[in-house]
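In: Here is a sequence together with a model predicted from it:
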Amino acid sequence: MTNKGDVVVEIPIQVHDPNPTPSDKVPIKEYFQPPTAPPPTPSLTDEIDQVFITIIKSEIDNRLRQQNNSSDEIIKIQKVPRIMFQQNKFEENYYIPREMPIGPIYAEHENSEQMQLKLKLAAQFINTSDRTCDHLLASIKMEIDTLKTCFDENLLEGFSDDKLARMLLLDGCSILQFIYSRVRDELKEFQINYGQASVIEQDLFLMANQIPFRVLEILMDSLPDDESDDDAFTDDVYIDSIDSFICMNVMKPKIFVEQYYSSFYEAKNTRPVHLLDILYLGFLYGFDYNHQNAGNSRSKKEFKEEYFRNIQDLKAVGIKLESSDSSCLSEVTFTSSVYGFRARLKIPPLIVDDSTGSKLWNLIAYEMCPDNCNSEFGVTTYLSLLHSLIDSEEDVKDLRSAHILTNHLSSDADVVKLFNEIGYNVVPDQAYRDVKHKIQTHCDRWLAIRMSQLWQNYFSNPWSFIALLVLVGIVVYFLIKFLNK
């Protein structure tokens, strides 16, 4: 029985009808829900035994995973680490999806409106792909064992292979269609306004709200390859859409994100884990794979304590702020001439808007995953540096003047609050110690400070330089006139 408002898709078989006919139409909502049978009622003894077996099995599996961590480089889809909740008071805003729950973690919490939205998007993708639900579902089921390894196994309890495949099919189709329509500004046909679209964008980059990127690749690979037809929906069309979508959300000026994610992963000879993984590497390296291992080395020798606290302290000793030529987060550099004439601190740029807080918290959570053993905590250390430099609105103003920060929030005070919350809660203070050591060395050189202050006050600005020349000329003129008398 088809309810009013249900989206209908042509498929060759019915799910619930034991005698299907090819011409039948089945609501897509029913297609993505496998038939279920009422579970048997277990006895109390059976429940106790099952709990005991589950505990033993979980302990054995945990030890096996610990032994294999060194060889397993896949960062699994999992819940947000508990450490992120110890002091962070923004769980609901930053980690829980509001419009589009995807994946197994929030599958049981989505309401009818959220489900209906995904059904509309998925139906549009299937109708335009020239493929049937059975064809796409079969493609996912062929790799279901591999896809299951992308999840923390505790998340898949209660998910049969068939149920998991149908969930991934629905989520994957809806994600691809949303991204495709979003970058082309065609979401109005789904009754999605700009505000709702912005919230969905944030949902797609929540750490616990992910599905394997391989699902999207399977769906894109299933599309026809008719490049002669300009109207055909080929995999390249959706790949280009994902490229544009990541560039829209990577929190960097467009000049730094021209490199496509596909070329970046091809150069690394690896595959994306999920959408947040692409955003993470795009934010960390700017997809500039030539710089991914540069500049973030930490010296092993002991440094003395740094005494500078914020940007105003740096300005007081004649250090000038500049935006880095690269968006790679490790490209934080400090240079000073021999006599300290020109001291410059270069920092990669960052765009701050209403979605930045959510993205940054989830990128930090991604670095904190227990199985992310190879993480260099590039995002965390970058935010630590900004936290150490930002104490007041005046600091934010100086960062904006140096084109390091682009602030789309209501005020500079909101930026101060954001970075103070991040730095106070989870960010360590040992980031870029080599850079801080160079700055402290500069601060300890009295001559270097005076020379850099002289340069910044009188030579960095052409008008200041002209005024100095005029002043010197006047002094020389009166000195000569005095000597001639």
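Out: Arrived safely, thanks for sending.

In: so Asp236 is in which element?
Out: Element membership of Asp236, judged by DSSP states H and E, is helix 235-249.

In: who does that helix touch, helix- and strand-wise?
Out: helix 161-183, helix 213-221, helix 261-268, helix 275-285 (3 or more Cβ pairs under 8 Å, 6 or more residues apart in numbering; DSSP states H and E). All C-beta atoms are positioned from the backbone trio N, CA, C, and that covers glycine.

In: Just the mean pLDDT for stretch 470-483, thanks.
Out: For stretch 470-483, mean pLDDT is 77.

In: I meant stretch 132-151, not that one.
Out: The model assigns stretch 132-151 a mean pLDDT of 94.

In: gap between the two ends of that stretch?
Out: Start-to-end span of stretch 132-151 (Cα to Cα, to the nearest Å) is 27 Å.

In: Can you mark which positions in it are buried?
Out: 133, 136-137, 139-141, 143, 147-148, 150-151 (16 or more other Cβ atoms under 10 Å).

In: which of these lies closest to Pro253?
Out: Cys150 (32.4 Å; Cβ to Cβ).

In: Would you mind measuring from the closest residue to that closest one other than its chain neighbours to Thr146?
Out: Spatially, and ignoring its direct neighbours in sequence, Cys150 is nearest to Pro212 (4.0 Å; Cβ to Cβ, 6 or more residues apart in numbering). Distance of Pro212 to Thr146, computed by Cβ to Cβ, to the nearest Å: 9 Å.

In: And Pro349, by the same measure?
Out: Counting by Cβ to Cβ - Pro349 and Thr146 are separated by 38 Å.

In: can you check Ser244 too?
Out: Ser244 is 28 Å from Thr146, by Cβ to Cβ.

In: Enumerate every residue touching the residue nearest to Leu275 when sequence neighbours are not counted.
Out: Spatial nearest neighbour of Leu275, excluding adjacent residues (Cβ to Cβ, 6+ apart): Leu204 at 5.5 Å. Leu204 sits next to 100, 102, 175, 178-179, 275 when contact means Cβ atoms under 8 Å, 6 or more residues apart in numbering.

In: buried subset of these?
Out: 100, 102, 175, 178-179, 275.

In: got TSV for these, with pLDDT too?
Out: Converted to TSV, the buried ones among the contacts of Leu204 look like this (pLDDT from 0 to 100):
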residue	pLDDT
Met100	95
Ile102	95
Ile175	97
Phe178	96
Ile179	96
Leu275	94
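
In: Generate CSV for these, with distance to Val80 as supplementary columns.
Out: Below are those laid out as CSV (distance: Cβ to Cβ, whole Å):
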residue, distance to Val80
Met100, 17
Ile102, 15
Ile175, 20
Phe178, 23
Ile179, 23
Leu275, 16
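
In: Pick the one among the residues you listed closest to Ile192.
Out: With Cβ to Cβ as the yardstick, the closest approach to Ile192 among the buried ones among the contacts of Leu204 comes from Phe178, at 8.2 Å.

In: show me what contacts that closest one?
Out: So, once contact is read as Cβ under 8 Å, 6+ apart, Phe178 ends up touching 100, 121, 187, 200, 204.

In: Secondary structure element holding the first one?
Out: Here Met100, judged by DSSP H and E, is contained in no helix and no strand.

In: quick one: it and Gln202 touch, right?
Out: No - contact criterion Cβ atoms under 8 Å: Met100 and Gln202 do not qualify, at 9.6 Å.

In: so Gly103, which of the three states?
Out: Assigned by DSSP: H, G, I helix; E, B strand; the rest coil, the conformation of Gly103 is coil.

In: measure it to Lys118 for me?
Out: For Gly103, the distance to Lys118 - Cβ to Cβ - is 12 Å.

In: joint contacts of those two?
Out: Joint contacts of Gly103 and Lys118 (Cβ under 8 Å, 6+ apart) are Asp171.

In: which of those two has more neighbours?
Out: Lys118 (24 against 21; other Cβ atoms under 10 Å).

In: For that one, list the residues it contacts.
Out: With Cβ under 8 Å, 6+ apart, Lys118 has these contacts: 100, 102, 170-171, 174.

In: That one - that's part of a helix, no?
Out: Yes - under three-state DSSP, Lys118 sits within a helix.

In: separation between it and Leu187?
Out: 14 Å.

In: Okay, now the unreliable bits of the stretch 1-150 of the chain?
Out: 1-31, 33-73, 86-93 (pLDDT under 70).

In: rerun that using 90 as the cut-off
Out: 1-75, 80-96, 107-110, 128-132 (pLDDT under 90).

In: The residue nearest to His442 when sequence neighbours are not counted - how many residues pack around it?
Out: Nearest in space to His442, with sequence neighbours left out and distances taken as Cβ to Cβ, 6+ apart, is Ser336 at 5.0 Å. Number of residues near Ser336 (other Cβ under 10 Å) recorded here: 21.

In: likewise the one 10 residues further on?
Out: Using other Cβ under 10 Å, Lys346 has 19 neighbouring residues.

In: which secondary structure element contains it?
Out: strand 343-347.

In: ok, then the element right after that strand?
Out: According to DSSP H and E, the helix or strand after strand 343-347 is strand 350-352.

In: Need the residues that contact that next one.
Out: Here strand 350-352 has contacts from 251-253, 356, 386, 404-409, 415, 418, using Cβ under 8 Å, 6+ apart.
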